[in-house]
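*Asks:* Structure of the sequence below:
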Amino acid sequence: MGRGKLVVSLVAFLAVVAGMWGFIIAKRWTPQLGLDLQGGVSIILAPAPGQTVDLAVLERTVGVIRNRIDQLGVAEPDIAQQGETVQVQLPGLADQEEAEDVIGRTAQLQMRPVLADIPADSPEYGNTPPCTETIEAVPAADEEVVLCERSVADAASDEPGADPEELPRDQWNKLRVAPVALGGDDIANAIAEADPTTGVGWQVALRLNSGGAKKFEDITADLACKDLADPQRRFAIVLDGIVESAPGVSEQVQCNVGITGGDAVITVGGDEDEARELALVLRTGALPIQLDIQESRSVSPTLGRSSLQAGLLAGFAGLVLVCAYLLFLYRGIGLAAIAELVMFGLVTLGLIIILGNTVGFALTLAGIAGVIVSIGIAADSSIIYRERFKDELRAGRTIRTAADKAFSSSFKTNLTGNTVSFLAAVVLYVLAVGPVRGFAFTLGLSTLVDTLLLATFTRSVFALIARSRFARSRFMGLRSNVFEDAPAAEPAGGATR
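*Replies:* Okay, the predicted model is just below:
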């Protein structure tokens, strides 16, 4: 390649890199960090015992969880299915309890007509399962069941030191309810709002879809025909097997007419956060199966920063050692190798930042390890090129010819090695989960960058140095006879001065 083409190739490459970093700086983008580098919450979920689980159900479950997390506003969450478990990593989220409640809550909403109240002193009350804040399984939708009403327990638990799960059973209401008349699939939207009537307390306003609105109208039209004092004039709003409220149909609602418009309300009480969380899980839909939290842990931001500092220090130390080795081994031509490594770092970091802010790639500690390993790959490329260059010089070629021939042979070798590394990274990324995928991704990305760098920057810089006066410097460590265009011919007859 001629000098002009080499200059054009080098300038074009530098212009692209400068443009990339100019764009990053203008956008004020920074790398998106994973859970282990900025702290956050990690949760592992598994299906509750006794449930039939298949791949399709788990995929729907992961989809619902992803929708909930998106509405929480967590940047770069990592949700992975591992066998029959689901691993969720939420970098930057500090509230572990909120994450557990939003992610693990089944949120199966049912509206059931009330058939009867069950007094606490009746035999039937004692013959039914005790009331607790959680239940083992959501009751069947097509059966009459006895359910507990949360509101009475909540009122009693307002007393200092009261625990709803330890309240006497007579402080819970129990209701016998009919099969489900309206379900979570009938909800179009759910919004948390302050009670517009009293201005005190919070509620979740439900907007039903067209099918749900018609069902709701039919239910209330039938209930409005009951006497005002009749318990069967009420309908129970059931969430995950617990009756959240059981309002009666107002006397203004006409028999056989019902409530039109498709609006309903769930009264939550004075907790705004609870209302917003309930609205969120209702909007995103119920989980197809009930999940239990197998493990939940919180990583502090301080620990994350320490991991980040350790990773950056390791990367910087590795880069310095490699540069020192190249300079010691190759002297002047090692400076070009150092420039290549610096450019390699700039391009790789720039791509990581861009991918983090466009497609959501989060850099983890394992990802940093992949970058550190790739520094060795980039150094190998430089060493192979320079060793081939020295071989060509030993064969008697001039520095210019040696630079060109060394590139041709070394590029084939490096391309083969980088192809193997890239394919290994792809296989690892596809088969692995969690942090290992971060390692595989950065390793594969860095391998591509190294190949591109070798074909553009490395070739142009080294070839231009070989054609410059700098190559004649003693610091380069090259013999003087390698600068001639051809070996000098001896005078005929061996004449001497």
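*Asks:* Strands of the stretch 101-250 of the chain, residue ranges please.
*Replies:* All strands of the stretch 101-250 of the chain, identified by DSSP state E, counting those that start in this stretch, fall at 109-118, 145-149, 173-177, 182-183, 187-194, 202-208, 235-239, 242-245.
*Asks:* Could you check these and tell me which one is nearest residue 316?
*Replies:* Among the strands of the stretch 101-250 of the chain, the nearest to residue 316 by C-beta to C-beta is strand 187-194 (47.6 Å). For glycine as for every other residue, the C-beta is placed from the backbone atoms N, C-alpha and C.
*Asks:* Direction included, what does that closest one pair up with?
*Replies:* Counting by DSSP bridges, the strands paired with strand 187-194 are strand 202-208 (antiparallel).
*Asks:* The strand it pairs with: which residues count as buried?
*Replies:* Neighbour counts over strand 202-208 (16 or more other C-beta atoms under 10 Å) mark 202, 203, 204, 205, 206, 208 as buried.
*Asks:* Also compute the angle for that strand relative to strand 109-118, please.
*Replies:* 120 degrees (axes from the mean of the first three to the mean of the last three C-alpha atoms, to 10 degrees).
*Asks:* lowest confidence element among the helices and strands of this protein?
*Replies:* Across the helices and strands of the chain, the lowest-confidence element by mean pLDDT, DSSP states H and E is helix 150-156, at a mean of 49.
*Asks:* For residue 274, list the residues it contacts.
*Replies:* 202, 268 (C-beta atoms under 8 Å, 6 or more residues apart in numbering).
*Asks:* if I look at it, how far off is residue 43?
*Replies:* Computed with C-beta to C-beta, to the nearest Å, the distance linking residue 274 and residue 43 is 19 Å.
*Asks:* Export stretch 101-117 to CSV, keeping only CA atoms.
*Replies:* Provided in CSV are the C-alpha atoms of stretch 101-117 (Å, rounded to 0.1, in the frame of the first residue of the first chain):
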residue,chain,number,x,y,z
ASP,A,101,-43.1,-7.2,46.9
VAL,A,102,-43.4,-6.1,43.3
ILE,A,103,-41.6,-9.0,41.7
GLY,A,104,-42.8,-11.9,43.8
ARG,A,105,-46.4,-10.9,44.1
THR,A,106,-48.7,-13.1,42.1
ALA,A,107,-51.3,-10.3,41.7
GLN,A,108,-54.2,-12.5,40.6
LEU,A,109,-57.2,-10.3,40.8
GLN,A,110,-60.7,-11.7,41.1
MET,A,111,-64.1,-10.2,41.6
ARG,A,112,-66.6,-12.7,43.2
PRO,A,113,-70.2,-12.1,44.3
VAL,A,114,-70.6,-12.6,48.1
LEU,A,115,-72.9,-15.4,49.1
ALA,A,116,-72.7,-15.0,52.9
ASP,A,117,-70.9,-13.6,55.9
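*Asks:* What are the buried residues along whichever helix in the chain runs longest?
*Replies:* Using DSSP state H to define each element, the chain has its longest helix at helix 399-431. Buried residues in helix 399-431, counted by 16+ other C-beta under 10 Å: 399, 401-407, 410-411, 414, 417-418, 421-422, 425, 428-429.
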